[in-house]
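S.K.: no sequence for this one, just the structure:
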């Protein structure tokens, strides 16, 4: 009997110890986009300083070509990073996520072709005016096309990772709940001793699931639009004369929804840690 109880206790500790770090480490999605747009704009914009005026036209061309080359390298680095992340995530074939990933990968391929064409033009003999025009074209491309598509792709990756963490948390809840029931049946703790904490954890995980599902609806509406009504919510407000007024409210961004989901997951894991600490104390485990 003692050996059986020991196995139960060990199983419970196994599923409730060192569980929070997995959420904390994924709460921030690392990205090479940080402050990049400002750097790109500084690189691309024409230099009208006194130093630039001193440069000969030939040196000016060389200098500006180097600037454009740097932007090309940064842009390629961004899309390669996105492709590597997408390829590292296991996605069910023929699912909406699979379709979205294929759309993003096709966009990446088209960007690579575009940048290759820019590279060919850049390596050719160009006048100063032609180099300036090429620089402006690159800047416009990033501002009007590239940045939006890149943001959507990064948001999609963030959603997939948050979905995975939410599934892990739900699975962890089920295992902890099963272990608690086993400990209760063994008479080691009273029935429903931790029901409030488990209920709170379940509520937090369910809320995280709802938030990330909403974020997925948003990204799906971007890549796989339908004829359904807009996802923008209507908020009911009470006017001065108690008249009901419907006003459109700007919905939270995908990033905000995922971050809110992560916050809920962390709170859910906090409940698991508290349960683990309490079980150790009740069972006098050092």
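M.R.: Thanks, I have the structure now. Values in this document were obtained by computation on a predicted structure and should not be read as measured data.
S.K.: just the helices in the stretch 51-200 of the chain please.
M.R.: 57-88, 96-123, 128-141, 147-185, 195-223 (DSSP state H, counting those that start in this stretch).
S.K.: okay, these in a markdown table with mean pLDDT next?
M.R.: Listed next are those as a markdown table, based on pLDDT from 0 to 100:
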| stretch | mean pLDDT |
| --- | --- |
| helix 57-88 | 90 |
| helix 96-123 | 95 |
| helix 128-141 | 91 |
| helix 147-185 | 94 |
| helix 195-223 | 96 |
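S.K.: any chance of those helices in a markdown table, with distance to residue 279 and mean neighbour count too?
M.R.: Any C-beta I mention is one placed from the backbone N, CA and C, and that applies to glycine too. Compiled in a markdown table, the helices of the stretch 51-200 of the chain are given as follows (distance: least, Cβ to Cβ, whole Å; neighbours: other Cβ atoms under 10 Å):
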| stretch | distance to residue 279 | mean neighbour count |
| --- | --- | --- |
| helix 57-88 | 36 | 16 |
| helix 96-123 | 37 | 15 |
| helix 128-141 | 58 | 16 |
| helix 147-185 | 7 | 19 |
| helix 195-223 | 11 | 18 |
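S.K.: of all those, which lies closest to residue 260?
M.R.: helix 195-223 (5.2 Å; Cβ to Cβ).
S.K.: show me how far stretch 91-108 is from its chain's centre.
M.R.: 16 Å (Cα atoms, centre = their mean, to the nearest Å).
S.K.: residues in contact with it?
M.R.: 79, 82-83, 86, 89, 149, 152-153, 156, 160, 219-220, 223-224 (Cβ atoms under 8 Å, 6 or more residues apart in numbering).
S.K.: could I get the helices of the stretch 51-200 of the chain as CSV with distance to residue 265?
M.R.: Output for those, formatted as CSV (distance: least, Cβ to Cβ, whole Å):
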stretch, distance to residue 265
helix 57-88, 20
helix 96-123, 20
helix 128-141, 38
helix 147-185, 5
helix 195-223, 5
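S.K.: now the spatially most central residue of the chain: how far from residue 214?
M.R.: The centre of the chain sits closest to residue 158, judged by Cα atoms, centre = their mean, with a distance of 1.9 Å. According to Cβ to Cβ, to the nearest Å, residue 158 stands 13 Å off from residue 214.
S.K.: same question for residue 94.
M.R.: 23 Å.
S.K.: likewise residue 82?
M.R.: The value you get for residue 82 to residue 214, if Cβ to Cβ is used, is 23 Å.
S.K.: for the residue lying closest to residue 254 once chain neighbours are set aside, give me its contacts.
M.R.: Closest residue in space to residue 254, ignoring its immediate chain neighbours: residue 155 at 4.2 Å, by Cβ to Cβ, 6 or more residues apart in numbering. Neighbouring residues of residue 155 by Cβ under 8 Å, 6+ apart: 215, 219, 254, 255, 258.
S.K.: if you set the cut-off to 10 Å instead, what comes out?
M.R.: 29, 215, 218, 219, 222, 253, 254, 255, 257, 258 (Cβ atoms under 10 Å, 6 or more residues apart in numbering).
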